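>>> this one's structure only:
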């Protein structure tokens, strides 16, 4: 074999190892073919551009609901059908691409691939049938629209969303037992209520019979569990005798407080157990893939196998091409702590975790004013100004200004004094920003992670431009744009958020919430999927039943929402006509209102009046799925994640990096001029290559950006870090996929470990 062939084989082995490491870094649990062509196709499959195109067509497919009957803006049938066919074609191409990179047996055993194929085929069948019926004038229903969210869940990119659904499915058995017991309790109380009140011929405030029908009693008591109809449902009986209130008080205690709390407890305990199993599988899969990469790159060194320095650097350049060489040097120093020039298996496995830690690379910079006017900038007065700006008294002064500004914001904006004061406050804020830019190096002030500096500047500049524009309009023709005024007022209020940064505890809480946003987005996506399905079902069941005629409509039908069945109803009296299923946005807004649960029984009763009593099933099922199950699971996850984030505890990997940074003398705690550190970008002038310690110390400093994770999977792993310690023998990929919570011994519950 010639040298060229050897180099080619070596490059192919390096690409394969890079694919394994990349999978470990981003916790992809895909089993792919290892041939050179398949590896290249796999790299293309995971590229951000192909994933972005997939997401784009998923969104287009979902947004078709805006233009189909019932529509916000109705497009011709052939247009929407053509667009949907193109989307299905792109989904098929994506699936075909995936089939080329995975073993055939694995592809056909994967339930998500089967689900996508079946969904595409059913959608095509529905499109053909619907087009045929519509062209011949027959009524038809596009039932396959409820399947569209399945594309969001079942493509490989949506593994977090799929994991959330899988955990919900695994949690359902335990929830079911509690739910059956809860429904039995409501049924028993309903029977008691029927026997107590049916023969007394009581009437509600609207004149309807009170608790005379078992199904109505059951529905009203179920609503009472949500507190939406309290105390209205109790009043007819309470007016007769105060003793009847005891029945409702006992019902609320048992069902609202005891059972709903039990729901949350069961969901939290069971969901955490299954989530831990999922995370354990992630950890095992990550270690398995890193071992595969190690086995590809390893070389014999005495009695052990190792990965040499040169091979490691080539690998990291392929996996993380965007990080500078000095950053790579720091990672190598962390892994090769004893400076042997090679890595053993355990050290090599740590690379995936290292790549998920956000490290800010910094470099000393001279302030531009110091370059232009060194004598002036270094003068006594200039230094005094800089010390004044960085002193906490400066910050406290502006906190007081913000509080005074809040008092003026609450005043009448038409008052000339308020207008003049606003200009004064804007001037003070601009002076603050200019002084900070004078004291701090501009690139350090606007560095990537300087959120509050960016926030202040954008808010102040936008408010200034808006105020100038509004003043110019008024002075030119006596006209004031209400839209511009609204924007200016909102910006003024947002300015008050700055004061949060001045209080340490507030800042910790806010940063914790910000750090949780990526994980919350997973559950936001889950809610979008559920909302879309219920919205489509609701549109097919209730479209055109209720009409909204506008705010100032003179049409007599506006008084009863265009449906005589609603005459004299509470639904029409409360002017709920806009709460309908006549298009997708209206349906989503209505479902959000149902999630809040306030007055949800009035909304449900309105749709029952215009359709049939069985319409209650739709609303009760929605409440069970979203409010009782999904919201409780969301609360369980946020509780666990919040505990981790709020504890501010760094992982073992982060600690190792910090230790190495301090050992090398490159921490940002080293004394340096205020504001002289800026983030270093990878350019030809600062790519340091393989530098020695002295060069690194003289030119760069590092710090861990924040306790924040590049991926949701990294946060999940950190949540259970203390309990997840894989054994030396990692299971195979097939065995990992089949792991269950029962495969691992549970730690016995004691007071100490619970605490």
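Happy to help now that I have it. What you are looking at is a predicted structure, and each value in this text was computed from that prediction instead of being measured. Numbers count the residues shown, from 1 in each chain.
>>> helices of the stretch 101-250 of the chain, residue ranges please.
With DSSP state H, counting those that start in this stretch as the criterion, the stretch 101-250 of the chain has helices at 104-109, 111-135, 149-154, 159-197, 214-225, 235-240, 244-251.
>>> give the buried residues for the second one.
Taking 16 or more other CB atoms under 10 Å as the neighbour-count basis, helix 111-135 is seen to contain the buried residues 112, 113, 115, 116, 119, 120, 123, 126, 127, 130. To be clear about C-beta, it is placed using only N, CA and C from the backbone, and glycine gets the same treatment.
>>> relative to residue 578, which of those residues is nearest.
The nearest member of the buried residues of helix 111-135 to residue 578, counting by CB to CB, is residue 130 at 28.9 Å.
>>> tell me the pLDDT of the closest one.
If you check residue 130, the pLDDT there is 92.
>>> residue boundaries of the strands in the protein?
All strands of the chain, identified by DSSP state E, fall at 299-301, 304-308, 342-343, 359-364, 677-679, 700-704.
>>> which of these has the lowest average pLDDT?
strand 677-679 (a mean of 38).
>>> quick revisit: can I get the buried residues of helix 111-135 in TSV with distance to residue 499?
Formatted as TSV, the buried residues of helix 111-135 follow (distance: CB to CB, whole Å):
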residue	distance to residue 499
112	48
113	52
115	50
116	50
119	50
120	53
123	52
126	55
127	56
130	57
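>>> let me see the contact set for the residue nearest the centre of the chain.
For the chain, residue 521 is the residue whose C-alpha lies nearest the centre (CA atoms, centre = their mean; 1.2 Å). Residues in contact with residue 521 (CB atoms under 8 Å, 6 or more residues apart in numbering): none are found.
>>> next, count neighbours for residue 368.
13 (other CB atoms under 10 Å).
>>> ok, residue 148 next?
22.
>>> contacting residues around it?
For residue 148, the contacting residues are 61, 62, 64, 65, 123, 532, 536, by CB under 8 Å, 6+ apart.
>>> again, but for residue 586
578, 579, 580.
>>> how much space between the second one and residue 599?
Just to be clear, that refers to residue 579. From residue 579 across to residue 599, the span is 10 Å (CB to CB, to the nearest Å).
>>> quick check: which ranges of the stretch 51-200 of the chain have low pLDDT?
By pLDDT under 70, the stretch 51-200 of the chain has no low-scoring segment.
>>> same thing but at 90, please
Residue ranges of the stretch 51-200 of the chain with pLDDT under 90: 69-72, 74, 106, 110-111, 134-142, 152-178, 197-200.
>>> pLDDT weak spots in the stretch 251-400 of the chain?
262-290, 297-307, 309-314, 316-380, 382-383, 385-387, 389-400.
>>> and the closest residue to residue 106 other than its chain neighbours, its phi and psi?
Nearest residue to residue 106 in three dimensions, chain neighbours excluded: residue 31, at 5.1 Å (CB to CB, 6 or more residues apart in numbering). When read as degrees, to the nearest 10, the backbone of residue 31 gives phi -90, psi 120.
>>> can you check the pLDDT for residue 31?
Looking at residue 31, its pLDDT reads 86.
>>> surely it meets residue 105?
No: using CB atoms under 8 Å as the test, residue 31 is too far from residue 105 to be in contact (9.7 Å).
>>> of those two, which one has the most company?
residue 31 (18 against 9).
>>> any idea how far the residue nearest to residue 491 when sequence neighbours are not counted is from residue 534?
With sequence-adjacent residues excluded and distances taken as CB to CB, 6+ apart, residue 491 is closest to residue 463, at 4.2 Å. As defined by CB to CB, residue 463 lies at a distance of 41 Å from residue 534.
>>> cool, and residue 507?
39 Å.
>>> check residue 643 too.
Distance of residue 643 to residue 534, computed by CB to CB: 32 Å.
>>> and the two? Which one has more around it.
residue 534 (23 against 11).
>>> surely the more buried one touches residue 619?
No: using CB under 8 Å, residue 534 is not in contact with residue 619; the gap is 9.7 Å.
>>> who's in contact with the closest residue in space to residue 187 that isn't next to it in sequence?
Once flanking residues are discounted, residue 187 sits nearest to residue 218: 6.6 Å by CB to CB, 6+ apart. Neighbour list for residue 218: 186, 187, 190 [criterion: CB under 8 Å, 6+ apart].
>>> likewise residue 154?
Residues counted as contacts of residue 154 (CB under 8 Å, 6+ apart) are 112, 113, 115, 116, 119, 162.
>>> which of these sit farthest apart?
Greatest spatial distance in the contacts of residue 154: 119 and 162, 14.2 Å, computed using CB to CB.
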